[in-house]
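Enquirer: how does the following fold in three dimensions:
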Amino acid sequence: MSRKYRIRQRIQTAVEMIYPPRCLACGVLTESDFGLCGPCWRDTPFIGGTVCECCGVPVPGARDGHRIECDDCLRTPRSWQDGRAALLYQGGAKALVLALKHGDRPELARPAARWMAQTGRVLMRPNMLIAPVPLHWTRLIRRRYNQSALLAQHLGRETGLTVCPDLLVRIVRTPVLEGKTAVERSIALANAVSVHRSREGLLRGRDILLVDDVMTSGATLEACARVCRASGANHIFVLVLARVAKDA
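Expert: Have a look, this model is predicted:
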């Protein structure tokens, strides 16, 4: 065992004594950093099993060798190819997302990106470019950070893929979309997103992974995917931390 390793271990032990690892959700002591305690883990609905290959929402039944899509994706074709979500937007997952988004908890992006990397590994392609859903500058000033950009940055570290945090720009400040129908969301987002002029060359002919914190109707991701496609992107994929299900 090297001297540097022993020193590093001692420093780590001292840090853990001063700042013992705590549950990300409730704050009780845990065995490791960036983890959840048992009760919070059980209250956090991770998505597993059979899912819609387009948006990641859980669907009944088993895989049969054919492409599986939920009713919403069959009814409204998407501008992206495949998509996945790590969590259902309910219970502990909803609390974590809201804490990241509105509760000034940017440190949650690191473990969240790790969960996203695990569930989204089927989407990863060589030389893929990761791009977060953009936030209008007025909202960015108020929140101080774009939670989707934080997720994208940590996801890049987890996967080794390149991240372009400003590939897309929110050029219109849309109204709050919570509570609006899918049609209302789509109308509100019309022409609200564009590709950054100096970044167009990065996406031409390239696979793009769009990252967001929550997918409800998919209207925001649809607006982003459309402008990427119009600017010459190859295949487009989406990966979100949480997916809203109809019974959520």
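Enquirer: just want the most central residue of the protein.
Expert: By C-alpha atoms, centre = their mean, the chain has its centre lying nearest to Val240, at 3.1 Å.
Enquirer: quick check: phi and psi at that residue.
Expert: Torsion angles at Val240 (phi, psi; degrees, to the nearest 10) stand at phi -130, psi 160.
Enquirer: do Leu239 as well
Expert: Torsion angles, degrees, to the nearest 10, at Leu239: phi -140, psi 120.
Enquirer: now do it against Asp213, distance only.
Expert: For Leu239, the distance to Asp213 equals 11 Å [C-beta to C-beta, to the nearest Å]. All C-beta atoms are positioned from the backbone trio N, CA, C, and that covers glycine.
Enquirer: between those two, which one's more packed in?
Expert: Comparing Leu239 with Asp213 by other C-beta atoms under 10 Å, the one with more neighbours is Leu239, at 28 against 23.
Enquirer: now for Val59: which residues touch it?
Expert: 50-52, 68, 70 (C-beta atoms under 8 Å, 6 or more residues apart in numbering).
Enquirer: please produce JSON lines containing those, extended by distance to Ala219, neighbour count and secondary structure.
Expert: Output for the contacts of Val59, formatted as JSON lines (distance: C-beta to C-beta, whole Å; neighbours: other C-beta atoms under 10 Å; DSSP: H, G, I helix; E, B strand; the rest coil):
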{"residue": "Thr50", "distance to Ala219": "25", "neighbour count": "13", "secondary structure": "coil"}
{"residue": "Val51", "distance to Ala219": "20", "neighbour count": "21", "secondary structure": "strand"}
{"residue": "Cys52", "distance to Ala219": "16", "neighbour count": "22", "secondary structure": "coil"}
{"residue": "Ile68", "distance to Ala219": "22", "neighbour count": "16", "secondary structure": "coil"}
{"residue": "Cys70", "distance to Ala219": "16", "neighbour count": "18", "secondary structure": "coil"}
